[in-house]
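Colleague: requesting a structural model of the entry that follows:
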Amino acid sequence: MTTEWRRRLVVPAKHTGLVLIGFVMLYPVLWMVVSSLRPGDEIFRSPGLVLDSLQTENYVEGWNALTPSFGTYLVNSAVLVLGCIVGNLVSCSMAAYAFARLQFTGKRWWFGIMLGTIMLPIHVIIVPQYVLFSQMGWVNTFLPLIVPKILATDAFFVFLMVQFIRGLPRELDEAARIDGCGHPRIFLQIVLPLMTPALATTTIFTFIWTWNDFFSQLIYLTDPDMYTVPVALRSFVDSTVATSWGSQFAMSVVSLVPIFLAFLIGQRYLVKGIATTGGK
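Modeller: The predicted model follows:
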């Protein structure tokens with residue numbers, strides 16, 4: 001068999017395999033979308049993706065099933081996500097510039113300690129954090145979830161930006177220093193504008209991780225008026241009464257829309273940011 005015939009056979013086979021793998025990975029999401037349009041008594045009868053009847057009432061019922069309405073939880077999640085994004089962008093970029101450009105005692109040790117915190121699971125620190133925030137009166141507010149971001153506690157994003165800044169030519173800093181610029185102006189006017197891919201990557205990851213975070217938000221938010229989307233979705237499951245699966249799936253689909261939009265809008269920056277920092 002010639003090389004040309006092998007290529008003609010192998011390439012379609014690879015594409016077919018990738019399509020099948022992609023379908024298997026997307027099947028749960030597709031099934032959830034289809035199930036959100038089915039009557040409640042038909043959801044678990046068939047694993048197929050063909051609709052026998054269209055039940056759009058699931059979205060109306062799901063939107064108004066809880067008190068307050070689901071729109072309140074979307075707003076709460078949006079406020080929380082916005083605060084976390086701003087906190088990470090400001091604090092992590094400043095910390096990254098310090099590690100990448102400044103010289104201070106114990107720099108390597110502090111950088112190593114910072115990287116070591118990535119290996120700490122949240123279950124190890126959640127108890128002392130809860131005790132601290134409870135004594136400060138921050139429980140049932142967004143402060144325990146936003147304030148740590150302002151303090152650059154996400155070491156992954158600090159490391160991401162450090163790697164990006166190290167790839168920028170130091171000649172830019174030296175030229176600015178000759179013109180009389182100090183570190184604040186160099187950071188704000190030279191380094192920060194060039195960090196767009198890394199900042200975009202941080203924004204997208206922070207958005208997705210915060211929007212999907214269930215454990216931390218369940219711990220700190222106890223008032224239903226303060227619930228976010230993940231905690232609100234858990235409220236649809238009740239052990240004392242029958243669960244309205246159609247409404248829950250409908251609101252799950254609604255909660256996925258912002259994530260898909262964020263990824264689609266920032267996909268170009270996300271890929272560029274990961275590619276440019278991973279090779280340093």
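Colleague: where along the chain do the helices fall?
Modeller: With DSSP state H as the criterion, the chain has helices at 3-35, 57-64, 70-101, 107-116, 122-135, 143-150, 155-166, 170-178, 183-186, 192-194, 196-212, 215-220, 229-235, 245-278.
Colleague: so what pLDDT did Lys280 get?
Modeller: Reading off the confidence values, Lys280 has pLDDT 46.
Colleague: apologies, that question was intended for Asp238.
Modeller: On the pLDDT scale, Asp238 is placed at 69.
Colleague: from Ile21, how far out is the closest residue to Phe70 other than its chain neighbours?
Modeller: Of all residues not flanking Phe70 in the chain, Trp63 sits nearest, at 4.8 Å (Cβ to Cβ, 6 or more residues apart in numbering). No exception for glycine: its C-beta is placed from N, CA and C like everyone else's. Note on Trp63: its distance to Ile21, by Cβ to Cβ, to the nearest Å, is 35 Å.
Colleague: check Leu74 too.
Modeller: Distance of Leu74 to Ile21, given as Cβ to Cβ: 33 Å.
Colleague: list the contacts of the nearest residue to Gly62 once chain neighbours are set aside.
Modeller: Distances taken as Cβ to Cβ, 6+ apart place Ser247 nearest to Gly62, at 3.4 Å, with adjacent residues excluded. By Cβ atoms under 8 Å, 6 or more residues apart in numbering, the residues touching Ser247 are Asn58, Glu61, Gly62, Ala65, Phe236.
Colleague: ok, now Ile178?
Modeller: Ile178 is in contact with no residue at all, counting by Cβ under 8 Å, 6+ apart.
Colleague: same deal with Gly71?
Modeller: For Gly71, the contacting residues are Trp63, by Cβ under 8 Å, 6+ apart.
Colleague: cool, Tyr220 as well?
Modeller: Going by Cβ under 8 Å, 6+ apart, the list of residues near Tyr220 reads Tyr130, Phe133, Trp138, Val139, Asn140, Thr141, Pro144, Leu145.
Colleague: filter those to the buried ones?
Modeller: Among the contacts of Tyr220, those buried by neighbour count (16 or more other Cβ atoms under 10 Å) are Tyr130, Phe133, Trp138, Val139, Thr141, Pro144, Leu145.
Colleague: and the two most separated of these?
Modeller: The widest separation within these, taken as Cβ to Cβ, falls between Tyr130 and Thr141 and amounts to 13.0 Å.
Colleague: counting neighbours, what do you get for the residue nearest to Phe249 when sequence neighbours are not counted?
Modeller: Leaving aside its chain neighbours, Phe249 sits nearest to Ser36 (4.0 Å; criterion: Cβ to Cβ, 6+ apart). Neighbour count for Ser36, taken as other Cβ atoms under 10 Å: 23.
Colleague: got it, and Pro193?
Modeller: 9.
Colleague: also Pro230?
Modeller: When neighbours are defined as other Cβ under 10 Å, Pro230 has 19 of them.
Colleague: how about the one 4 residues further on?
Modeller: By the other Cβ under 10 Å criterion, the neighbourhood of Arg234 contains 14 residues.
Colleague: residues in contact with it?
Modeller: So Arg234 contacts Phe214, Leu218 (Cβ under 8 Å, 6+ apart).
Colleague: repeat that for the one 10 residues further on.
Modeller: The contact partners of Ser244, taken as Cβ under 8 Å, 6+ apart, are Gly40, Glu61, Gly62, Ala65, Phe236.
Colleague: and what of Met251?
Modeller: Going by Cβ under 8 Å, 6+ apart, Met251 touches Tyr59, Gly62, Trp63, Ala65, Phe70, Ala232, Leu233, Phe236.
Colleague: and if we set it to 10 Å?
Modeller: Shown in contact with Met251 (Cβ atoms under 10 Å, 6 or more residues apart in numbering): 36, 58-59, 61-63, 65-66, 70, 73-74, 229, 232-233, 236, 244.
Colleague: and the gap between it and Phe260?
Modeller: 15 Å.
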